[in-house]
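Chemist: sequence first, predicted coordinates after that:
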Amino acid sequence: MNPRRWWILAAALPCVLVLHGAEAGRMLLGLEGEAAAVAAWLAVFWPFAWAKATWRRRAIEWVAILRDPLSRAGLFTVLGLAFVGIFAPLLVVHSPDLMGDAVIDRYAAPSVSHWMGTDLLGRDVFSRVVHGARVSLGIAVASVVVSVGLGTMIGALAAWHGRWVDGVLMRFTDLALAFPRLFLVLLLVALVEPGPGWIVVVLGATGWMGVARVVRGQVLQQREVEYVEAARALGVPDLEVLRRHVLPATLAPVLALSTLRVGNAILAESFLSFLGLGVQDPWVSWGMLIRAGRDNLVDAWWLAVFPGAAITWTVLGFNLLGDGLRDALDPRSLSGTGSLDD
């Protein structure tokens with residue numbers, strides 16, 4: 001391995017140790033959560049260290065297309081949130097489930113020892129907000145992956161086969177769009193046991209319609225391109241043509257649309273958790289933390305303010321990044337003739 005690549009693996013690790021404090025070395029050697037965080041760090045950055053130079057240049061080019069400073073701010077915000085989610089055990093000193101003294105530590109205001117105060121049971125709010133990033137971001141990203149995958153499949157099949165297949169799939173899509181998504185989400189969540197897995201399924205199953213329509217429009221355009229017609233004339237199987245020629249051309253608008261949808265998914269998960277239909281103990285999410293502090297907005301304002309600020313900052317970061325990607329990758333948004341928003 002080229003010695004110059006070692007900085008990719010080690011650049012931020014000292015920062016993690018500094019943030020974690022004097023107990024970092026002991027915890028890295030002994031605790032399971034911290035070992036998992038280090039393993040995640042290596043899993044993320046080791047492939048990048050071994051990546052070909054062309055791949056790294058391409059990643060830099062993707063960052064360079066974000067011409068707007070706000071879009072780049074959104075990108076770094078999203079990367080920072082991903083860092084917090086992956087290395088949550090290293091960034092906090094107190095365990096999110098560690099209860100303090102019922103009298104002394106209950107509803108303690110923000111201080112040096114507890115940056116965001118404590119809750120009813122004396123648990124550190126900062127630790128719970130940091131660990132809540134894992135659940136909230138994980139549910140949002142996973143649900144968007146499900147919805148984008150389902151929408152891409154339906155939209156591509158409808159546009160590629162056309163005729164009655166297109167008619168049936170698009171009428172089904174229109175029927176799904178006719179029902180308010182909030183009603184569908186509440187209905188489906190009420191029928192299953194609350195949990196992160198079911199929330200991902202519900203949000204993904206109710207958010208694919210807009211993606212299907214965007215992908216259908218893109219595939220309809222790419223189907224008439226000369227090289228696609230040539231590949232079909234040479235007898236290349238339809239699935240191979242879709243995989244190698246058509247779907248890659250839809251990557252740019254779908255990527256921008258997916259980024260915008262992550263923020264909406266975070267809001268949806270927080271809304272469900274706030275109503276008591278989302279994440280339950282022992283899981284920690286930002287919506288659940290706001291729900292726990294809604295009755296103490298005057299006496300213990302930090303219980304709801306800090307998780308709410310985390311949600312706001314996260315949604316803002318994803319929206320800025322999504323807007324930048326849309327402007328950079330979607331020609332229709334530049335000409336004002338179309339939009340990915342639905």
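Modeler: Cool, the structure landed.

Chemist: give me the helix or strand of this structure that scores worst on average pLDDT.
Modeler: Taking mean pLDDT, DSSP states H and E as the measure, the helix or strand of the chain with the lowest value is helix 24-30, at a mean of 39.

Chemist: what sits against the residue nearest to the spatial centre of the chain?
Modeler: Within the chain, the residue whose C-alpha comes closest to the C-alpha centroid is Val141; the distance, by C-alpha atoms, centre = their mean, is 3.2 Å. With contact taken as C-beta atoms under 8 Å, 6 or more residues apart in numbering, Val141 is in contact with Val262, Ala265. For the C-beta atoms, the positions are set from N, CA and C on the backbone; glycine is no exception.

Chemist: wait, is it part of a helix?
Modeler: Yes: assessed by DSSP: H, G, I helix; E, B strand; the rest coil, Val141 belongs to a helix.

Chemist: I'd say Arg223 and Val246 touch.
Modeler: Yes: under the contact definition of C-beta atoms under 8 Å, Arg223 touches Val246, with a separation of 6.9 Å.

Chemist: from what I can see Leu157 touches Val168, true?
Modeler: No: taking contact to mean C-beta under 8 Å, the distance of 10.1 Å between Leu157 and Val168 leaves them out of contact.

Chemist: so who does Leu188 touch?
Modeler: Leu188 sits next to Val202, Ala205, Thr206 when contact means C-beta under 8 Å, 6+ apart.

Chemist: which one of the residues you listed has the most neighbours?
Modeler: Of the contacts of Leu188, Val202 is surrounded by the most neighbours, 25 neighbours in total, counting by other C-beta atoms under 10 Å.

Chemist: and it, what helix or strand is that in?
Modeler: Secondary structure assignment for Val202, by DSSP states H and E: helix 196-205.

Chemist: for that helix, what is the average pLDDT?
Modeler: Across helix 196-205, the average pLDDT comes to 86.

Chemist: tell me what the helix or strand following that helix is packed against?
Modeler: Taking DSSP H and E as the definition, the helix or strand that follows helix 196-205 towards the C-terminus is helix 209-223. Using 3 or more C-beta pairs under 8 Å, 6 or more residues apart in numbering; DSSP states H and E as the contact definition, the elements that helix 209-223 packs against are helix 125-161, helix 163-178, helix 251-274.

Chemist: pLDDT below threshold where in the stretch 151-300 of the chain?
Modeler: In the predicted model of the stretch 151-300 of the chain, no residue satisfies pLDDT under 70.

Chemist: Ala300: how many residues sit nearby?
Modeler: Counted with other C-beta under 10 Å, Ala300 comes out at 21.

Chemist: and Ser113, how far from Leu242?
Modeler: Spatial separation of Ser113 from Leu242 under the definition C-beta to C-beta, to the nearest Å is 57 Å.

Chemist: give me the more crowded residue out of the two.
Modeler: The neighbour comparison of Ser113 against Leu242 (other C-beta under 10 Å) goes to Leu242, with 20 against 11.

Chemist: ok, that one to Asn264 distance?
Modeler: Applying C-beta to C-beta, the value for Leu242 to Asn264 is 28 Å.

Chemist: ok so, going back, what about Arg223 and Val246, which has more around it?
Modeler: Here Arg223 and Val246 are compared on neighbour count by other C-beta under 10 Å; more neighbours surround Val246, at 22 against 18.
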